[in-house]
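A.B. asks: pasted the sequence and its predicted model underneath.
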Amino acid sequence: MLDKHAFIQSVQRVRIWYGALILVIGVFGVRLFYIQVIQHDHYEAAALSDQLKQYQIPATRGLIEVQNNSSLLPIVLNQELYTLFADPPLVKQPNQVAQKIASIIGGNPSQYAGLMSTKNTQYVVLAKKLSAQQSTAITNLQDPGVGTQGQDYRTYPQGSLASQVLGFVNDDGVGNYGIEQALNKQLSGTPGELKAITDTNGVPLAATKGNIQIAPKNGDNVVLTLNLSMQAQMEQILQKDYQSTKSQGLSAIIIDPNNGQVKAMANYPTYDPSNYQGVTNPALFQNGAVTNAIEPGSTMKIMTTAAALNQGVIQPNTTFFDPAHWVVDGFNITDIEQDGGPRQQSIASILNLSLNTGATWMLMQMGGGQIDAQARNTWYDYLTKHFRIGQPTGIQQGYEQVDPVTPPADNGAGIDLTYAEMSFGQAIQMTPIQVAAADSSVLNGGTYYQPSLVAETVSPSGKVTKTPPKVVERNVVSPKVSQDMIPLMEYVVQQHLASGFGYLNFPSNYMVGGKTGTAQIAQAGGGYSATNYNGTYVGFVGGDKIQYLIVVYNIDPNVPGYAGTYGGQPVFADLAHMLINDSYVTPKTQ
Amino acid sequence: MTYSSSLAMNRSRFSGRNQNSVSFRTQVHALGPVTNTITLIVLACLLGLLYLTQVTKTNAYGFQINSLQQTQSQLQTQYNNLEVASARLQSLNRVETSAVAKNLVSVAPSATVQN
C-alpha cells in the first residue's frame, strides 16, 4: 500500500511540474506572441534602424559648353570639393584638434575650437570647399569626431565670363538665374536610391532580400550657342564703355537673325558665379538683356517704319511735309533735335534724324491720315502679333521680363498720345532680347524666330539632341519690306559717319546699318526725367545678307550728347568691327 | 466443393499445424528512430552549411561590388578633375597672360577678307 501511495504522490509531483512547465512555456509563448506579432513593427524598425541604410545617390549635374571655333569648350563643370565637419561630443581636445586643422586649411584655430565646443549638437560645419589634398590630410589626422564629406560644386574656368547668362547653383543643388534656372531639371538629372541591409562598415550585404539600388540618371550637358571669343570681347567692350560713359549699366546682344541663335549676350557690371555668396547687390544676378525692360526710344522707329511699309501706307522713297510738331490730345510732340524746323522730309530722314514727328506721321498714315481707332488697332496688332511685344520670347533664361502693351481702346487717359509716343519708343517697354527678336524678323525677310541660347543637349549616354530654329511667326513683314529696310538703316550709319563719327567707317565689302535711340527715363512718381536718358542702338552687320544683329542698351550714360549716339553707337561700332576683324562676317561677293 | 479443392483446404490446414511447409515472409530492415533523427540533423546541417556558404559567397560579391564602385567613383573624380584642369588651361585669361601671348605683337587689321 505504501508503495502505491508513494507512486501516486510521485505521479502528482510529475503532474505539478508538468503543469508548471506548461505554464512557463505558455508565458513564454504569450510573451513571444506579444513581441513578435503585436510589437513586430516596433522591433523591426529598431533592428532596421541599425542595419538598414537608405541613401539618395545624387545625380551628376550636366556641364555647360560654348562654341570655341569649330570645337566645344566647357565653361561650367563640376568639381568634388569637401566639407569639413565635426561631431562636438566626440572631440575631446578641441584646441589641439583646431590647431592641427588650421595648419592644414588655414583659418582661425580659436574659431574652429569654438565650433567644436558647441553644446547640444552632433554636427557643425567647420569649413567648406576643401581640396582633395586637404581632405586627405585631415582624414589622416584620425581625430575622432572630425571628418570630411565630398560634394560636387560648380567651377568656372573662364571666371565671370557670361555669368549672368549662366546663373549659378546654390548649396542645395538648385539652379538660380540664367540657364541654370531655366534648364535646372534637364541639367540636374534624377537622383538614384540605395536601400540595403549593411554590415557594420555600411557595406551593403548583397544576399539580403529586398535591397534596392537605383542608379542615378545624370543630367544632360547643355551646349550653348554662345561663341567664346565673341562673348569675351563683348564683355571687354561693355566694361570699357561702362567706364568711359560712367553709365548705370550696359547690356548687349549679338544674334543671328536668320535662326535666332544668340552668339553673345552680356551685361556690365557683372559678378563672379564661383563667389555668388559674396554678391551684395542681388540685381547683379539678373541678366539685364532679358530682364531689364525699358522704353527703347527711337530704335522703335525701325518697327514703326516696317509696319507702315508693310501696310503699304508709305513707300521707301515717300516724302512728306514735317510740321516739326504735332498736337495730340493737347500735348505737343516735337523732336529732340529741331533739324531745320518745318520742311519736307523723307523716310530715310525720319530714321537718320530720328524724327518723332515723322514716326507720329507714319502712325497717322496707318489710320488714314490721323491717329484714330484704326491707327491704334493697326499699330497694336503689329506690336503684339507681328513683333510679339508684350509676350515672353521664350529664351532659356530665368526671370524673363514682359511688360504689356497698352490696349488700343480709348481709356480716357490720352490714348492717342500714348500711341503716338509708342511710335517713337516711349510709353512702351521692352527688353533687349525682345528688340533683338522683333528686329531680326524685320530684317531677315519676315520670320520671327524664338531667340535661343541652346544649340544642343547631350544625354549621359551620348545622345545628341539638336535645338532646331523655332519659327514662331511668319510674314511679320513682307520680304520686300525687309529688303527696303536694309538701305534705310545703312543710310543712317553712312550719314553719321559723314557727320564726324569716324569709328563708323567700315570696309565697303560689308553692309552695316543701324539706328540710335535716346529715351527719356520714366520716373517712379510719374513723368520723365529732364536730365537723364537711356541710350540704345540696334544695328546689323553682313555681306550679301545680314549675318548679325546687334542690340545695345546703355542705362543712363553720362555723355556730352545724345545717349543713343554717344552711349549706344560706340558700343555697336566696337562690336561690329570685332565681328568683321575676326572674320565672323562673310563679305559681299560683289 | 470438389475433391481437389477440399484436399487443398485440408493440406493448408495441416501445413500450419505441422510446420513443414516453406515460409515466404518478407525480411524488412528499417532504420531505427535514433538513426533517422541523426540523419535528419546531419542533412539539416549540410543544408544550413550550403546556405551559409552561398550567402557568404554572395556577400563577398557585395564587398567586391562595393570596392569596384569605390574605384569607379575615384576614377570618375580623377576624370572630372582632369577635365577641369584641361578647361582651366584653355581659359582666355590664362591664354592672354601666357608667355606666348606676351610675345605677340598687336597690329591693326591691314585688310579685310575678300571673297
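C.D. replies: Perfect, thanks for sending it.
A.B. asks: how far away is B:Ser91 from chain A?
C.D. replies: According to CB to the nearest CB, to the nearest Å, B:Ser91 stands 5 Å off from chain A. The C-beta positions use only the backbone N, C-alpha and C, and glycine is treated the same way.
A.B. asks: longest helix anywhere in the chain?
C.D. replies: As the question left the chain open, I've gone with chain A. Across chain A, the longest stretch assigned as helix under DSSP state H is helix A:2-33.
A.B. asks: nope, chain B please
C.D. replies: helix B:33-89.
A.B. asks: beyond that one, next helix or strand please.
C.D. replies: Next along the chain after helix B:33-89, taking DSSP states H and E as the criterion, comes helix B:92-96.
A.B. asks: packing partners of that next one?
C.D. replies: Packed against helix B:92-96, as judged by 3 or more CB pairs under 8 Å, 6 or more residues apart in numbering or on different chains; DSSP states H and E, are no other helices or strands.
A.B. asks: so what touches it?
C.D. replies: Residues outside helix B:92-96 that contact it (CB atoms under 8 Å, 6 or more residues apart in numbering or on different chains) are A:Gln158, A:Gly159, A:Leu161, A:Leu228, A:Ala232, B:Arg88, B:Ala101.
A.B. asks: if we go to 6 Å?
C.D. replies: A:Ala232 (CB atoms under 6 Å, 6 or more residues apart in numbering or on different chains).
A.B. asks: just the buried positions in that helix, please.
C.D. replies: Buried residues in helix B:92-96, counted by 16 or more other CB atoms under 10 Å in any protein chain shown: B:Leu92.
A.B. asks: how about the helix or strand that the longest helix of chain A is followed by and chain B, any contact?
C.D. replies: Using DSSP H and E, the helix or strand that follows helix A:2-33 in sequence is helix A:40-51. No: using CB under 6 Å from any CB of the partner chain, helix A:40-51 stays clear of chain B, coming no nearer than 13.2 Å.
A.B. asks: the very next helix or strand once past helix A:40-51: which residues count as buried?
C.D. replies: Downstream of helix A:40-51, the next assigned helix or strand under DSSP H and E is strand A:52-57. By neighbour count with 16+ other CB under 10 Å, strand A:52-57 contains the buried residues A:Leu52.
A.B. asks: just checking, what packs against strand A:52-57?
C.D. replies: In terms of contacts (3 or more CB pairs under 6 Å, 6 or more residues apart in numbering or on different chains; DSSP states H and E), strand A:52-57 is packed against strand A:192-197.
A.B. asks: and the stretch 101-250 of chain A, which of its residues are near chain B?
C.D. replies: With the criterion set to CB under 6 Å from any CB, the stretch 101-250 of chain A comes near chain B through A:Thr155, A:Pro157, A:Gln158, A:Val203, A:Pro204, A:Leu205, A:Ala206, A:Ala207, A:Ala232.
A.B. asks: on that earlier part again, relative to strand A:192-197, how tilted is the longest helix of chain B?
C.D. replies: Angle of helix B:33-89 versus strand A:192-197, following axes from the mean of the first three to the mean of the last three CA atoms, to 10 degrees, is 150 degrees.
A.B. asks: from one end of stretch A:557-565 to the other, what's the distance?
C.D. replies: Terminal residues of stretch A:557-565 lie 11 Å apart, using CA to CA, to the nearest Å.
A.B. asks: if you count neighbours, what's buried in that stretch?
C.D. replies: Residues A:Pro557, A:Val559, A:Tyr562, A:Ala563, A:Gly564, A:Thr565 are the ones in stretch A:557-565 that count as buried (16+ other CB under 10 Å).
A.B. asks: up against chain B, what does the stretch 401-550 of chain A have?
C.D. replies: Neighbours of chain B within the stretch 401-550 of chain A, by CB under 6 Å from any CB: A:Pro507.
A.B. asks: the residue of chain A found nearest chain B in helix, strand or coil?
C.D. replies: Distances between chain A and chain B by CB to the nearest CB are smallest at A:Ala206, namely 3.2 Å. Taken by DSSP: H, G, I helix; E, B strand; the rest coil, the conformation at A:Ala206 corresponds to coil.
A.B. asks: quick one, what contacts it?
C.D. replies: Neighbouring residues of A:Ala206 by CB under 6 Å, 6+ apart: B:Thr58, B:Asn59, B:Tyr61, B:Gly62.
A.B. asks: quick one: residues contacting the spatially closest residue to it that is not a sequence neighbour.
C.D. replies: Spatial nearest neighbour of A:Ala206, chain neighbours left out: B:Gly62 (3.2 Å); criterion: CB to CB, 6 or more residues apart in numbering or on different chains. Going by CB under 6 Å, 6+ apart, B:Gly62 touches A:Pro204, A:Leu205, A:Ala206.
A.B. asks: I appreciate the help and will end here.
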